[in-house]
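S.K.: Here is a sequence with its predicted model. Questions after.
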There are 2 protein chains.
Amino acid sequence: MTGQVRTVDGRVAGRRGQETRQKLLDCLREMLSTSPYRDVKVIDVARMAGTSPATFYQYFPDVEGAVLEIAEEMAKDADTLKELVAGKSWAGKSGPTTSEELVDGFLAFWRKNDAILRVVTLGAAEGDKRFFKIRMTVLNAVAKPLADSVKELQAKGQADKSLDPNAVAGALVSLLASAAEHQKAFTSWGVKIKDLKPNLAPLVYLGVTGKKPPK
Amino acid sequence: MTGQVRTVDGRVAGRRGQETRQKLLDCLREMLSTSPYRDVKVIDVARMAGTSPATFYQYFPDVEGAVLEIAEEMAKDADTLKELVAGKSWAGKSGPTTSEELVDGFLAFWRKNDAILRVVTLGAAEGDKRFFKIRMTVLNAVAKPLADSVKELQAKGQADKSLDPNAVAGALVSLLASAAEHQKAFTSWGVKIKDLKPNLAPLVYLGVTGKKPPK
DNA sequence: ACTTGTCCTGTCATGCCGTCAGCTTACCGT
DNA sequence: ACGGTAAGCTGACGGCATGACAGGACAAGT
């Protein structure tokens, strides 16, 4: 399906080539989490990987191209986020638990991939279609099943039908993404990192069900 | 208070100098809204302003330095956002109105400054203290008075006291910021731009008061 | 006209970008 | 074992951005 990995000039990459390629991606990932995106240079990545800039250009058209590669890898991984919502119950006592686990899982995922997600978020905001698509893949992993949950609750008459389920789910996921990306902001508002989950979870519950969480 | 504008090498800028400086800032602003941040080069800004790179470096240490200047200007402007919340009532029929006006005003501000806010957001996420501070100034213009409103409602027994007002206000502002920055995401979820306000406003109301908005 | 201080730019050293030709290395069939 | 072929890597190069400086242009006051 995906075909073999190819170099920029069309050759197929063998074992050694793939290793080098992967090493470059790993080093780029590392650089992204230590330097501002604007200052990440091909030569630095190549140096860190113990190779030359020319080698980098064998495998990637430019820094952005390589970043996209990393981002796509991460987007695949985001598929596991679905399980945080799909099939979970929002009724009774299990509701708040579902909400907490969702918040926790999402924040953990974002924290784990924060460097690459920063760049993806920027690219998407700048209108780059490729980054936008990747960002939607990640958000949709949660937003789609979440919207389904809202629809289900509405059908059962357990939630306000005047709200658009897609809008609600989207807004909640946006909130989680924003909170994850800017945890420090909450610290400056006097909310400790460990208090983030207990404070966000009731809001998510509130958004999904339209009701205050039970004690 | 602010002292005169100075060049990088310490001279005070006169009338003509300030004009050139301002023109460079305007052109940079323009560039930021048309090219990816990573690709904005000093030479392009200088060319657009009809001057030379050397002139740019007379007034700014680098692109980032000039961006900070623009961002600080915008942060001052954000002060007007306070009036969207301060002194507004969340009781009865005026509650939903307050909520709608807040959403509307905030989205409008973000849209107006989206290019520069994108860079500020990135800088803050990357841990740059200067950008972080500017971002907090903008968000706090809404978050502080919003937290006060929540506290007030809690004191009157009209809202759930188990929630931290600062966390709630912060989360709601984060949501608005994220929604404003990524409006296209909502479009892809089937929520039209013009439907964004009517969908976000009830959520804000819900977050602040803990109650469903009245019909 | 002369002086003074502001303002701009030509020029230069440095360093990254992105490409190519060419060398080395690994694999494979005979 | 050996030669052929394709993969893999890099030195080197022209081009461009960066950032510093010195000197020339310019405006304003005397």
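M.R.: In hand now; what should we look at?

S.K.: So which residues on chain A come close to DNA strand D?
M.R.: Listed as neighbours of DNA strand D in chain A under the rule Cβ under 7 Å from any atom of the strand: A:7, A:11-20, A:51-55, A:58. All C-beta atoms are positioned from the backbone trio N, CA, C, and that covers glycine.

S.K.: from the middle of its chain, how far away would stretch A:4-15 be?
M.R.: Its chain's average C-alpha position is 28 Å from that of stretch A:4-15, according to Cα atoms, centre = their mean, to the nearest Å.

S.K.: average pLDDT for it?
M.R.: Across stretch A:4-15, the average pLDDT comes to 81.

S.K.: which of the residues in it are buried?
M.R.: For stretch A:4-15, the neighbour count (16 or more other Cβ atoms under 10 Å in any protein chain shown) marks A:Ala13 as buried.

S.K.: CA atoms only: put it into CSV for me.
M.R.: What follows is stretch A:4-15, C-alpha atoms only, in CSV (Å, rounded to 0.1, in the frame of the first residue of the first chain):
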residue,chain,number,x,y,z
GLN,A,4,8.8,1.6,-0.3
VAL,A,5,10.5,4.6,1.2
ARG,A,6,12.2,6.6,-1.5
THR,A,7,14.9,9.2,-1.6
VAL,A,8,14.2,12.6,-3.1
ASP,A,9,16.0,11.6,-6.3
GLY,A,10,13.9,8.5,-6.7
ARG,A,11,16.1,5.7,-5.4
VAL,A,12,14.6,3.2,-3.0
ALA,A,13,16.1,3.3,0.5
GLY,A,14,17.6,0.1,1.8
ARG,A,15,18.3,-1.0,5.4
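
S.K.: Run through who's touching that stretch.
M.R.: Stretch A:4-15 has contacts (Cβ atoms under 8 Å, 6 or more residues apart in numbering or on different chains) with A:Gly17, A:Gln18, A:Arg21, A:Tyr57, A:Gln58, A:Tyr59, A:Phe60, A:Pro61.

S.K.: in what helix or strand does the second one lie?
M.R.: Assigned by DSSP states H and E, A:Gln18 belongs to helix A:15-32.

S.K.: now the following helix or strand past that helix, how far from the centre of its chain.
M.R.: Downstream of helix A:15-32, the next assigned helix or strand under DSSP H and E is helix A:42-48. In this view, helix A:42-48 has its centroid 26 Å away from the chain centroid, taken as Cα atoms, centre = their mean.

S.K.: And the helices in chain A, which stretches?
M.R.: A:15-32, A:42-48, A:53-59, A:63-77, A:94-112, A:114-125, A:129-155, A:165-181, A:183-188, A:193-209 (DSSP state H).

S.K.: got the contact list for the most centrally placed residue in chain A?
M.R.: Geometric centre of chain A, nearest residue: A:Val138, 4.8 Å, by Cα atoms, centre = their mean. Listed by Cβ under 8 Å, 6+ apart, the contact partners of A:Val138 are A:Met74, A:Ala75, A:Ala78, A:Leu81, A:Leu117, A:Val120.

S.K.: What count of nearby residues applies to A:Asp106?
M.R.: If you look again at residue A:106, you'll see it is Phe, not Asp. Using other Cβ atoms under 10 Å in any protein chain shown, A:Phe106 has 27 other residues around it.

S.K.: now A:Lys88, nearest residue through space, not along the chain?
M.R.: Nearest residue to A:Lys88 in three dimensions, chain neighbours excluded: A:Thr98, at 4.3 Å (Cβ to Cβ, 6 or more residues apart in numbering or on different chains).

S.K.: no no, A:Ala86
M.R.: Closest to A:Ala86 by Cβ to Cβ, 6+ apart is A:Pro145, at 4.3 Å.

S.K.: same thing with A:Gln158?
M.R.: Take A:Gln158 and drop its neighbours on the chain: the residue closest to it by Cβ to Cβ, 6+ apart is A:Thr209, 6.8 Å away.
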